[in-house]
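>>> build me a model from this:
(2 chains)
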Amino acid sequence: MNDTLEAPFDVKDYLRLEMMPHFMCPGCGHGIALRCLLWAVHELGIDKDKLAVVCGIGCSGRVGAYIDANTFHTTHGRPLAFATGLKLARPDLTVVVITGDGDCLAIGGNHLIHACRRNLDITCLMLNNEVYAMTGGQVSPTTAIDRLTTTTPHGNAEPTFDACRLADAAGASFVGREVTRQAPALKNVIKAGLAHEGFSFIEVMSDCTEIYGRKNDLGESPEMIMSQKSDMRPEAFGNVADEPFRANRLRAGIIAQRDRPEYGSVYRLRAAAEQAKAKAKS
Amino acid sequence: MSAVPEIETASATTASARTTNVMIVGVGGQGVLMISKALALIGQKQGLQVKQSEVHGMAKRGGVVFSHVRFGAEVWSPTICKGEADVLIALEWAEGLRWLEYLRPETGVFIADTRRIVPPFACRSRRRGATMAYARETPAEVIDKVSEGYALDAAAIATGLGESRAGNTVLLGVLSASMGVPVAEWLAVLEMLVPPKSRAINHKAFEAGRAWAEAAHNDSSLRFDAGFAADVTHADLPEVSVRLDINAAWCKGCDICVKLCPERCLALNEYQVAYLTAPQACTGCHVCEWLCPDFAIEVHTTQKVPMTVSE
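Numbers count the residues shown, from 1 in each chain, chains lettered A, B, ... in the order given. Model prediction:
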C-alpha cells in the first residue's frame, strides 16, 4: 500500500453504473474477480483513461463491459491478438485481457502460447470456471475428470489442462493463480501482475454455480466458494494432468516471475535502429 | 514456608520419606519444561529419586503444557493425583486456576504468574472493545482459597530485567525461597541448563524472584499482584462504528454473504435480498463486501480496519 491510495476504494467509481446490475448469474465468481481487478487498478493508481480492457467471448467476455474504461469486446479466442496490436500501437496504455478458460485455452490456445513467448507487457486474466457456461455448459479444457456437462453426460474422460504450467512453459514472465474466495490475495496477485513488466498470466479460479455446480452436485454458490480454499495447496505443483483438477493440488499465489526482455521495448529499439539506418542511406 | 517439606538428603533417616510433588503448568513457549528440568536436577543433586513426566503436544499453538515433578527417597508413580501436589507453579494465570484442584488443600503452595495469555477461542465476540471470555478471579480471591499462595507479575519483572521470556526463572526463584536448597546449587543447575548467552539474564531473573518471595514471606500484603485488572478486553482497539449499505436492486440473493459472514449477522428476506439482522454484531470485517459478486454490499467504517483475511 502506498501513499497514493488515501482515497478508499469504491468499486462504483470504476463501473458503468447505467449497465448495472450485471448480467451474471447469482453467485458467479466473475463479479468477485472484476472487483479484485478494479481494486488492484485503484491501488496502483492507474488512470481509467489509460486502462484498456480487451475481452473475448463468453461469460468472462462480458465482464469487461461493466468497466468504466476503454473496453474492447473482440472475437472468440482472439482478445490476446487484439491486445497485442493495441499494446504495440499504444504502449502508454495499461492493457488487460479478460478471457475465459475456453476462450483462452481452446479457441485461443495458440494465441496464448505465442503471447507468452513474445512477452509483451499485457496482463491476461483467465477466469476459469471449468465450463463453457454462456453457451449452455459444454466441456472445456479445464473441466475436471468425471464431471458432468451437457457434452459429457457420462462424465468427462479428457485429462485437464493446467493453464499455469502451460503459460510458464511457454515463457510468460509472470504466472499467478488465486481463488475468488481469497479476494484480497487475488487483488494482490493481480496488482503484482499489473505492475510486472512483461506478459502476466493470472488464472482466477472462479466458479459457475448455475450451469456446472448444480449439474455436478457441488452445492450452491456459498458451498462452492467455501470449497475453493481447500482446493489450494501452496506447495503442490505436481503433475495434475491425469488427476481431478481441483483435488487439493493447485498452487496459489505468484507461481513464476522472471526477467525477460519485454517485446514492445525490443521492437521499438529495433524499429528506431532501422529508421536511423534508412536515414543514413538516403 | 513450612508448607513445603524441606528436601531431605538421602542420608537422612527421618520418617519424612513422603514424596514431594511439584506441578508446573503453563502454555506453549513459556518454559514450563525448562524449570521442571531444573527442579528435577535439583532433586537428583540431593541424591533423591526423581520422576518427571509432561504433556506438551499442542504447545506450539499456545496450548496447554504441564509437567509433573516428583522427588523423594523412593518414587513409584510418575504422575501426581488430584489434591496431592505440594506446589503448583503456574506460568499463566488461567492455567493456574485450571489445575488448582491438583493442589493439596490443606498445605499446598500456589505460585502463579498473573500474566494472561488469552487463547483465540476466548475472543468469541470479535467486536472491538468486547470483553473476552477469560477467568475473572482476582489474585486476592484465589490466594484466599489456597493455604499459601503467591501471585506476581513475573513476566513484568522479567521484562524489567530486559528479557520477557525469563518469567519462568523468576517463578523458579520464588519457589527456591520455599525450599531449603542453597542458592548456589540452584544457580549451578541453571548454568547447566541455559545456553551461555542467556546465563546472565536467568541469573538476574532467579535472584529477582527470590528477592520478591523473601519480601512476600515477611509481608503477606505483597503476596498478590495489586495491579491486576479483572477484565481482559481489546483495549488497544477502539470501538469502530460500522455501516452496511446493501443495494437491494443489485443483490441477486446468491447467499454467499449470509453463509460466509463470520458473525452470521446477515440473512435473506422474503424477496431474496440480503439484510443485516444484527447491526451490533457486525465487526466491519469487509468479507461480505469483498465476496459479493454483484457489488451490492458496501461496508463503511469510521476507521480503517486491518485486513484480517489470510493470504
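
>>> relative to the whole chain's centre, how far out is the longest helix along chain B?
When every helix of chain B is counted residue by residue (DSSP state H), the longest turns out to be helix B:199-218. With C-alpha atoms, centre = their mean, to the nearest Å as the basis, helix B:199-218 stands 20 Å off its chain's centre.

>>> and the stretch 51-200 of chain A, which of its residues are near chain B?
Residues of the stretch 51-200 of chain A found near chain B (C-beta under 8 Å from any C-beta of the partner chain) are A:Thr180, A:Arg181, A:Gln182, A:Ala183, A:Pro184, A:Ala185, A:Asn188. For glycine as for every other residue, the C-beta is placed from the backbone atoms N, C-alpha and C.

>>> now restrict these to buried residues only.
A:Thr180, A:Arg181, A:Gln182, A:Ala183, A:Pro184, A:Ala185, A:Asn188 (16 or more other C-beta atoms under 10 Å in any protein chain shown).

>>> now the helices for the chain?
Just so you know, I chose chain A. A:30-44, A:59-63, A:79-89, A:101-102, A:109-118, A:163-170, A:183-195, A:221-231, A:263-281.

>>> wrong one, I was asking about chain B
B:32-45, B:93-98, B:139-145, B:154-161, B:167-176, B:183-193, B:199-218, B:256-260, B:287-291.

>>> rank the ones you listed by mean pLDDT and give me the bottom one.
Here the lowest mean pLDDT among those goes to helix B:139-145, at a mean of 85.

>>> packing partners of it?
Applying 3 or more C-beta pairs under 8 Å, 6 or more residues apart in numbering or on different chains; DSSP states H and E, one finds that helix B:139-145 makes contact with strand B:109-113, strand B:148-152.

>>> quick one, which of the ones you listed is packed in tightest?
Stretch with highest mean neighbour count among the helices and strands packed on helix B:139-145: strand B:109-113 (a mean of 27; mean count of other C-beta atoms under 10 Å in any protein chain shown).

>>> export that one to CSV, keeping only CA atoms.
What follows is strand B:109-113 as a C-alpha-only set of coordinates in CSV (Å, rounded to 0.1, in the frame of the first residue of the first chain):
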residue,chain,number,x,y,z
VAL,B,109,1.6,-23.8,47.9
PHE,B,110,0.3,-21.9,44.8
ILE,B,111,2.8,-19.8,42.9
ALA,B,112,1.4,-18.1,39.9
ASP,B,113,2.3,-15.5,37.3
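
>>> parallel or antiparallel, which strands does that strand pair with?
Strand B:109-113 has the following sheet partners, assigned by DSSP bridges: strand B:87-90 (parallel), strand B:148-152 (parallel).

>>> distance from the chain centre to it, please.
That offset, for strand B:109-113, works out to 12 Å (C-alpha atoms, centre = their mean).

>>> give the buried residues for stretch B:112-121.
So, applying 16+ other C-beta under 10 Å, buried residues of stretch B:112-121: B:Ala112, B:Asp113, B:Thr114, B:Arg115, B:Arg116, B:Ile117, B:Val118, B:Pro119.

>>> roughly how far does the second one sit from B:Phe224?
Here the distance between B:Asp113 and B:Phe224 works out to 12 Å (C-beta to C-beta, to the nearest Å).

>>> common neighbours of these two, please.
Counting by C-beta atoms under 8 Å, 6 or more residues apart in numbering or on different chains, the residues touching both B:Asp113 and B:Phe224 are B:Ala151.

>>> list the contacts of whichever residue of the stretch 201-311 of chain B sits closest to chain A.
The nearest approach of the stretch 201-311 of chain B to chain A comes at B:Pro293, 2.8 Å away (C-beta to the nearest C-beta). Neighbouring residues of B:Pro293 by C-beta under 8 Å, 6+ apart: A:Met24, A:Pro26, A:Gly27, A:Cys28, A:Gly29, A:His30, A:Gly31, A:Ile32, B:Lys252, B:Cys254, B:Ile256.

>>> most neighbours of all these, which one?
B:Ile256 (33 neighbours; other C-beta atoms under 10 Å in any protein chain shown).

>>> need the contact list for that one.
Taking C-beta under 8 Å, 6+ apart, we find B:Ile256 in contact with A:Gly27, A:Ser221, A:Pro222, A:Ile225, B:Cys288, B:Leu291, B:Cys292, B:Pro293.

>>> weakest of the strands paired with strand B:109-113 in terms of mean pLDDT?
strand B:148-152 (a mean of 89).

>>> now that one, how far from the chain's geometric center?
Chain-centre distance of strand B:148-152: 15 Å, with C-alpha atoms, centre = their mean.

>>> what do you get for stretch A:79-98?
14 Å.

>>> likewise for stretch B:267-286?
On the basis of C-alpha atoms, centre = their mean, stretch B:267-286 sits 36 Å off its chain's mean C-alpha point.

>>> end-to-end on that stretch?
16 Å (C-alpha to C-alpha, to the nearest Å).

>>> identify each buried residue in that stretch, please.
Under 16+ other C-beta under 10 Å, the buried positions of stretch B:267-286 are B:Val273, B:Ala274, B:Leu276, B:Ala281, B:Cys282, B:Thr283, B:Gly284, B:Cys285, B:His286.

>>> ditto for stretch B:135-148
In stretch B:135-148, counting by 16+ other C-beta under 10 Å, buried: B:Ala135, B:Thr138, B:Pro139, B:Val142, B:Ile143, B:Val146, B:Glu148.

>>> centroid-nearest residue for chain B?
B:Glu92 (2.6 Å; C-alpha atoms, centre = their mean).

>>> neighbours around whichever residue of the stretch 151-282 of chain A sits closest to chain B, how many?
Nearest residue of the stretch 151-282 of chain A to chain B (C-beta to the nearest C-beta) works out as A:Pro222 at 3.4 Å. Look at A:Pro222: counted by other C-beta under 10 Å, it has 18 neighbours.

>>> re the thing from before, which one of the helices and strands packed on helix B:139-145 lies closest to A:Arg165?
With C-beta to C-beta as the criterion, A:Arg165 lies closest to strand B:109-113 of the helices and strands packed on helix B:139-145, at 53.0 Å.

>>> can you list contacts of that closest one?
So strand B:109-113 is in contact with B:3-4, B:86-93, B:96, B:100, B:103, B:139, B:142-143, B:146-155, B:167, B:170-171, B:174-175, B:178, going by C-beta under 8 Å, 6+ apart.

>>> skipping its backbone neighbours, what lies nearest B:Gly227 in space?
Take B:Gly227 and drop its neighbours on the chain: the residue closest to it by C-beta to C-beta, 6 or more residues apart in numbering or on different chains is B:Asp153, 6.9 Å away.

>>> up against chain A, what does the stretch 151-300 of chain B have?
Residues of the stretch 151-300 of chain B lying close to chain A (C-beta under 8 Å from any C-beta) are B:249-250, B:252-256, B:258-260, B:290-296, B:298.

>>> list buried residues within those.
By 16+ other C-beta under 10 Å, those give B:250, B:252-256, B:258-260, B:290-296, B:298 as buried.

>>> next, the distance between the ends of stretch B:100-113.
Note: stretch B:100-113 ends 14 Å apart using C-alpha to C-alpha.

>>> now stretch A:265-272: average pLDDT?
93.

>>> any idea of the pLDDT on A:Thr180?
89.

>>> so what's residue 206 closest to, chain neighbours aside?
If you meant another chain, say so; for now it's chain A. A:Gly29 (3.4 Å).

>>> could you do chain B instead?
Nearest to B:Phe206 is B:Gly173, by C-beta to C-beta, 6+ apart, at 4.2 Å.

>>> one step back: can you redo the helices and strands packed on helix B:139-145 as CSV with distance to B:Arg70?
Shown next, in CSV, are the helices and strands packed on helix B:139-145 (distance: least, C-beta to C-beta, whole Å):
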stretch, distance to B:Arg70
strand B:109-113, 15
strand B:148-152, 20
